[in-house]
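S.K.: take a look and give me a structure for this.
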Amino acid sequence: MAGLRNDQIAGINKDMYKYERIGEELKEAMYPKIYKVKEDGVTGAGDKFTQKLSAGRLKRHTVEGETIDFQSPMQGWTSQVVYHTYSAGLTFTYEAVKDMLKMQNMVKEFATTWGDEVRRSKEELAARAFNNGGTLLGDFVFDGSFEGNADASGDLLYDSKPLFNLVGNTNTTKGGETYYNSVASAYSAGAITPTHFSTLYNLMTATNNRDELDRPSENKPDTIVCKPGADYDSLWTLLNSDLISNSQLNDKNIHKGRIQNIVPWDYITESAVYIGKAQSELMCFEERQRPEIDFFEHKPTKGYMASDVVRFGVHFKPGSRRNWVRGGGTSA
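M.R.: Next up is the predicted model:
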């Protein structure tokens, strides 16, 4: 049997791309609701970002004609991201290719499956930062090392601390103050209380409302991430009730409507709840390469092979930690 013509191969590639896209969209992805998805300007093996803190505080003049003080711009932390490569491959036998009707069905079936696997891989990496964010030794998801650029903080964030740190493991800002963003006791599975919510909400808005130089900076959350099921039900009830549940005095619920966006994420495995700012420029899911599909002949067997390669990474820029707080979770 002669090999497939070039136009046939091109047609199969086109079909695989089409069905891969369908597969990726069959289920709604949650990571774009949490991360800022970035595609433009994403090149190379990875990227590096250096925080710009300030051009200097303004000085109030006390006398007429007072000289302006000139100083160098202040820089903060440096963060890195690596673009991970994911791939999959398929082999189609000589017989399957010869029977083109069977071949078309196989292309549709497996390309759709690839699309679902791409979505699944993205969800797993994005959620991994939350699930392993309190690990004291860090996790590969935070290691931004790429060719020729080793990440000095390794498996931890840019300042060599975990994404979620407890009061006993505070991070220090460039201004010299210490902060934490995780409270182990502020969570109860399926029964998240007004007290839990107050602890986390006030930690973010009234304690961590400081920039890297410890100056006041509004820090209002807009999103809650949790497990589906009882945690979601508990949070929805808390944020939509007029009165505090089980209150003998019928106390007003001050938390009603404070946060509208509750995201139940199937890929969250930690016993925790997360409150923060979604789609911030400081926490990006960077799409380095959309799925690249190649369909080609395997000469030794007269069969054909197909491959799918995609690249992406998550980038936690300096200041991203202050955008989230966590109740519960592990730290080991």
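S.K.: doesn't residue 24 lie inside a helix?
M.R.: Yes. With DSSP: H, G, I helix; E, B strand; the rest coil as the criterion, residue 24 is assigned to a helix.
S.K.: can you count the residues close to it?
M.R.: When neighbours are defined as other Cβ atoms under 10 Å, residue 24 has 21 of them. C-betas here are computed from N, CA, C, even on glycine.
S.K.: ok, the one 4 residues further on next?
M.R.: Burial of residue 28 is recorded as 8 neighbouring residues (other Cβ under 10 Å).
S.K.: distance from the chain centre to stretch 261-276, please.
M.R.: Once both centres are worked out by Cα atoms, centre = their mean, to the nearest Å, stretch 261-276 turns out to sit 12 Å from its chain's centre.
S.K.: cool, and stretch 255-273?
M.R.: When distances are taken as Cα atoms, centre = their mean, stretch 255-273 is centred 15 Å away from the chain's centroid.
S.K.: output the longest strand belonging to the protein.
M.R.: Of all the elements of type strand in the chain, the one with the most residues (DSSP state E) is strand 280-298.
S.K.: that strand: partners in the sheet, and parallel or antiparallel?
M.R.: If you go by DSSP bridges, strand 280-298 pairs up with strand 35-38 (parallel), strand 303-316 (antiparallel).
S.K.: need the pLDDT of the closest residue to residue 74 other than its chain neighbours.
M.R.: With Cβ to Cβ, 6 or more residues apart in numbering as the criterion, residue 74 has its nearest non-adjacent residue at 4.1 Å, and that residue is residue 53. We have a pLDDT of 84 for residue 53.
S.K.: name the element the residue in the chain sticking out farthest from the centre belongs to?
M.R.: Ranking residues of the chain by C-alpha distance from their mean position (Cα atoms, centre = their mean) puts residue 64 at the top, at 51.7 Å. Under the criterion DSSP states H and E, no helix or strand holds residue 64.
S.K.: out of the strands paired with strand 280-298, flag the one nearest residue 202.
M.R.: strand 303-316 (23.6 Å; Cβ to Cβ).
S.K.: quick check: mean pLDDT across the closest one?
M.R.: Computed over strand 303-316, the mean pLDDT rounds to 91.
S.K.: what comes up buried for the helix or strand harbouring residue 109?
M.R.: Element membership for residue 109 (DSSP H and E) is helix 100-131. If you call a residue buried by 16 or more other Cβ atoms under 10 Å, then helix 100-131 has these buried ones: 103, 106-108, 110-112, 114-119, 122-123, 125-131.
S.K.: could you do stretch 289-300 as well?
M.R.: Applying a neighbour-count criterion of 16+ other Cβ under 10 Å, one finds 290-291, 293, 295 buried in stretch 289-300.
S.K.: any idea of the mean pLDDT in it?
M.R.: Averaged across stretch 289-300, the pLDDT comes to 85.
S.K.: ok now do the spatially most central residue of the chain, which residues does it touch?
M.R.: In the chain, the residue lying closest to the centroid (Cα atoms, centre = their mean) is residue 126, at 4.1 Å. Taking Cβ atoms under 8 Å, 6 or more residues apart in numbering, we find residue 126 in contact with 30-31, 34-35, 267, 285, 314.
S.K.: likewise residue 30?
M.R.: Residue 30 makes contacts with 123, 126-127, 263, 265-267, as judged by Cβ under 8 Å, 6+ apart.
S.K.: nearest to residue 149, of these?
M.R.: Distance to residue 149 across the contacts of residue 30 (Cβ to Cβ) is lowest for residue 126, with 22.4 Å.
S.K.: roughly how far does that closest one sit from residue 176?
M.R.: Here the distance between residue 126 and residue 176 works out to 33 Å (Cβ to Cβ, to the nearest Å).
S.K.: ok, residue 289 next?
M.R.: Spatial separation of residue 289 from residue 176 under the definition Cβ to Cβ is 41 Å.
S.K.: next: residue 290.
M.R.: Counting by Cβ to Cβ - residue 290 and residue 176 are separated by 44 Å.
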